[in-house]
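*Asks:* Okay, sequence plus prediction incoming.
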Amino acid sequence: MSEPKTRTHGQRPFREALAEPLRDWVVEKKVPAGIGFGRALGTGLLLLLVVQAVTGMLLALCYSPSPDHAYDSIRFIDEDVAGGRFLRGLHHHGASAVIVLIVAHVARVFFTASYKHPRQALWVSGVFLLLLILGFGFTGYLLPWDQKAFWATSVGFNIAESAPLLGKPIADLLRGGPEVGATTLTRMYAIHVLFLPAALAALAALHLFLVHRLGITSPGIRVGEPETKSEPFFPDHVFREVVVGCAAILVVAALSWSLGPPLEAPAARDAAGYDPRPDWYFLWLFQLLKVFEGRWMFVGTVLLPSALVLGLLLLPFYDRNPERRPGARPIALGAGCAVLIGLSILTKVGLDNPGSKTRPPPRVLSPPQASPRLSEPGEQSPQASSSAPLSAAQYVETLIQKYECLACHTLRGEGNDTGADAPPFEEVAKDRTAEWLVALLHDPKSQYPDTEMPSSADLEMTDQDLEDIVAFLIALQSGRPLELSHPIDEAEEGEPSRSNSSEDR
Amino acid sequence: MEGAAAAVAPTVRRPSRRGATILGRDRCFLAFHRLATMTCMQRRTILKFLTGMGVLVASGLAALGAVFAISSSRWRKTGEPPWVPLCSVEEIPDAEPLARSFRFQRMEGWYWQEVERLLYVTRLSTGEPVVFSRTCTHLGCPITWKEISGTYRCPCHNGVFSREGEVLGGPPPRGLTRVPHRLSGTVVEVQQA
């Protein structure tokens, strides 16, 4: 150590080259005495971000960023891939945990006044990291392409659009068009998995380097006083960091195990009556938007959020108070508490007023030509979907899709997402005649007075469709091949295109 | 740790021609000096040239990126959109709006998307029909007609509009957007877009 560093490169033993960073960064590193778990939040955050990166990379193995496949690929992950639901849960709840930890981390740095000289650059890089993290949240939740995804993102872009002058061009650029659509999904995906991670890695590296260079602030000392470091970093502080990181990961794992990831009905552009809500960490903004009316709208959408960001960014430059003890900085602490309490109240009000939660529809069981979400080819390409004729059974399955029978019943073990007390289709025709089934479908209450099953009139079911479904149920029970009383192609126009929209809600 | 460092510390220095230690940065400096001598240019000129080239390449890449990002966010226009019938004038009730919809295909970048547009057709106090977009003028959530209150409401931020489209409450900055329509006989038609 006392030897002056005059050695040339290439003459240092390899093992020393490896040991030196370990020695400098861990073994011989000292931290100030009297620091607690609050100083370990940053490392907890780093660990969680690593978990996010790994789970994200794994999810990308199965995800397809295109409107006709995004939702299905998410359902594939949730329902068919072993551990897929848990993995997506980890990524979803991990994102929330990252927000919780980053807010706690920023608050800790603020209340211990660690942002003051000489750590201004550290603070500024931290604020940019916070913005990047919020960017991850915003770009990430379009990806499942469900109702919440679509509407929260639409509202988000409209907020950006309400900014004067540059708002509209910037929103169009990021959205990839005048409305949220196919191009938006691809863009959000690229930003979420390529642009933002690259920026995050670079900025986080700078942040960590600065933390290492400048060290942890000694609690309570004035700016300019010598900072003393007397406690070993390893194992004392490393222990705290491991505890915080592991606790965070355990909580995330417990949440994703018990709750799983949320998923709503697929995105529909004109969803009448759908009541959109953003994820909880944007609820404060959501509520803030309700406060400012008419031409004052821009205060909520642009002015206050940008004032908040600028206020954070420039904090070390306008807060020139050299004191770090909480008692000696009443104004700063008062303002900080006010902002935190304000954000909490807005979030609380938002949580008390939950929006719609539309259920995912039953999964598509039939081959692709009967899939209700299959994109229609445009005028430029011939109708590809009509090339393969449907079998009789496949045709009836499209009817079952159309009338949403599998919301309550099951077929081949799939369906009944509502948890209703309805028998599986394999059993409904047991010991029953076709006439009885027809009567049941016409008026379910005549056979079962307490049933919640809608009548064929409620469903606007045609007699032809009703007859076909009954024939299907009888064939399913008896095991004989299904024969319909009419050719299939003329009925093809009853194609279940409506299930893509929630028009009827 | 200390022992290992002490053992290798007095390393043999490679002597240069002048007998001093040559470090990595010295080599760079020498190469740069040699380049200047060879090309008979001032070192300052070379530096300026290299900096200029760097700026040029970087700004070229940035411009390419900007052009790519902007042009890929333009959706292709597929000619003048056709007029589609919504309803006949007699169908429109006096006291409440008529909800109507139509579907069409449009090209979003590379993707043919089926879009459903839901509209409200109603009468102004003058009896003239008017077509409203279902998109809230605040932040674009879908509004719905509430029969009980006789108003349109936005579920997001509690915007309220009258039947004739004026703002009655909440944050919307202006009344409902009117969709241009035309009368073809007694049929109300709007453009498919």
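*Replies:* All right, it came through fine.

*Asks:* got the residues of the stretch 51-200 of chain A near chain B?
*Replies:* By Cβ under 8 Å from any Cβ of the partner chain, the part of the stretch 51-200 of chain A that sits against chain B consists of A:66-68, A:151, A:154-155, A:158-159, A:162, A:172-173, A:175-178, A:181-183, A:186-187. Any C-beta I mention is one placed from the backbone N, CA and C, and that applies to glycine too.

*Asks:* Which ChimeraX command selects the buried ones in those residues?
*Replies:* To isolate the buried members of these in ChimeraX, using 16 or more other Cβ atoms under 10 Å in any protein chain shown:
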select /A:66,67,68,151,154,155,158,159,162,172,173,175,176,177,181,182,183,186,187
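
*Asks:* Next step: the residues of the stretch 51-200 of chain A next to chain B restricted to helices.
*Replies:* Residues of those located in helices (DSSP state H): A:Trp151, A:Ser154, A:Val155, A:Asn158, A:Ile159, A:Asp172, A:Leu173, A:Arg175, A:Ala182, A:Thr183, A:Thr186, A:Arg187.

*Asks:* residues contacting the third one?
*Replies:* What it means is A:Val155. Applying Cβ atoms under 8 Å, 6 or more residues apart in numbering or on different chains, we find A:Val155 in contact with A:Pro276, A:Pro278, A:Phe286, B:Leu139, B:Gly140, B:Cys141, B:Cys156.

*Asks:* Can you flag which of those residues belong to helices?
*Replies:* Using DSSP H, the members of the contacts of A:Val155 that fall in helices are A:Phe286.

*Asks:* Turn the contacts of A:Val155 into a markdown table, including pLDDT and distance to B:Thr45.
*Replies:* Formatted as a markdown table, those follow (pLDDT from 0 to 100; distance: Cβ to Cβ, whole Å):
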| residue | pLDDT | distance to B:Thr45 |
| --- | --- | --- |
| A:Pro276 | 85 | 61 |
| A:Pro278 | 88 | 56 |
| A:Phe286 | 89 | 58 |
| B:Leu139 | 89 | 56 |
| B:Gly140 | 87 | 56 |
| B:Cys141 | 87 | 61 |
| B:Cys156 | 86 | 61 |
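
*Asks:* Chain B - how does it break down into domains?
*Replies:* Using automatic domain parsing, the domains assigned to chain B come out as B:19-70, B:83-191.

*Asks:* quick one: the strands in the stretch 201-350 of chain A?
*Replies:* A:231-232 (DSSP state E, counting those that start in this stretch).

*Asks:* How about the residues of it by chain B?
*Replies:* A:268-276, A:286, A:289-295, A:297, A:300-301.

*Asks:* Distance of A:Pro487 relative to A:Tyr395?
*Replies:* 10 Å (Cβ to Cβ, to the nearest Å).

*Asks:* Name the residue in these two with the higher neighbour count.
*Replies:* Neighbour count, other Cβ atoms under 10 Å in any protein chain shown: between A:Pro487 and A:Tyr395, A:Tyr395 has more, with 21 against 10.

*Asks:* Now, of the residues of the stretch 201-350 of chain A next to chain B, which are buried?
*Replies:* Using 16+ other Cβ under 10 Å, the buried ones in these are A:268-276, A:286, A:289-290, A:292-293, A:297, A:300-301.

*Asks:* right, so the domains of chain B: which one is the most enclosed?
*Replies:* Neighbour counts (mean count of other Cβ atoms under 10 Å in any protein chain shown) averaged over each of these peak at domain B:83-191, with a mean of 17.

*Asks:* Isn't B:Leu168 up against B:Arg153?
*Replies:* No - look at B:Leu168 against B:Arg153 with Cβ atoms under 8 Å: they stay out of range, at 9.6 Å.

*Asks:* between those two, what contacts are shared?
*Replies:* With Cβ under 8 Å, 6+ apart as the test, B:Leu168 and B:Arg153 both reach B:Val160, B:Phe161.

*Asks:* what number of residues lie near A:Leu122?
*Replies:* 21.

*Asks:* and the closest residue to it other than its chain neighbours, how many neighbours does it have?
*Replies:* Closest residue to A:Leu122 apart from its sequence neighbours, by Cβ to Cβ, 6 or more residues apart in numbering or on different chains: A:Leu210 at 4.5 Å. Look at A:Leu210: counted by other Cβ under 10 Å, it has 18 neighbours.

*Asks:* Contacts only, for A:Leu210.
*Replies:* A:Arg119, A:Ala121, A:Leu122, A:Ser125.

*Asks:* List the residues that contact the first one.
*Replies:* Which is A:Arg119. By Cβ under 8 Å, 6+ apart, the residues touching A:Arg119 are A:Leu210, A:Leu214, A:Thr217, A:Pro316.

*Asks:* Just the buried ones among the residues you listed, please.
*Replies:* Neighbour counting by 16+ other Cβ under 10 Å classes A:Leu210, A:Thr217, A:Pro316 among those as buried.

*Asks:* Closest to chain B out of these?
*Replies:* Set against chain B, the nearest of those by Cβ to the nearest Cβ is A:Leu210 (23.9 Å).

*Asks:* what about the residue nearest to A:Thr217 when sequence neighbours are not counted, which SS state?
*Replies:* Spatial nearest neighbour of A:Thr217, chain neighbours left out: A:Ser114 (4.2 Å); criterion: Cβ to Cβ, 6+ apart. Following DSSP: H, G, I helix; E, B strand; the rest coil, we place A:Ser114 in the coil state.

*Asks:* right, and A:Ser114 touches A:Gly215 too?
*Replies:* No - counting by Cβ under 8 Å, A:Ser114 sits too far from A:Gly215 to count as a contact (10.4 Å).
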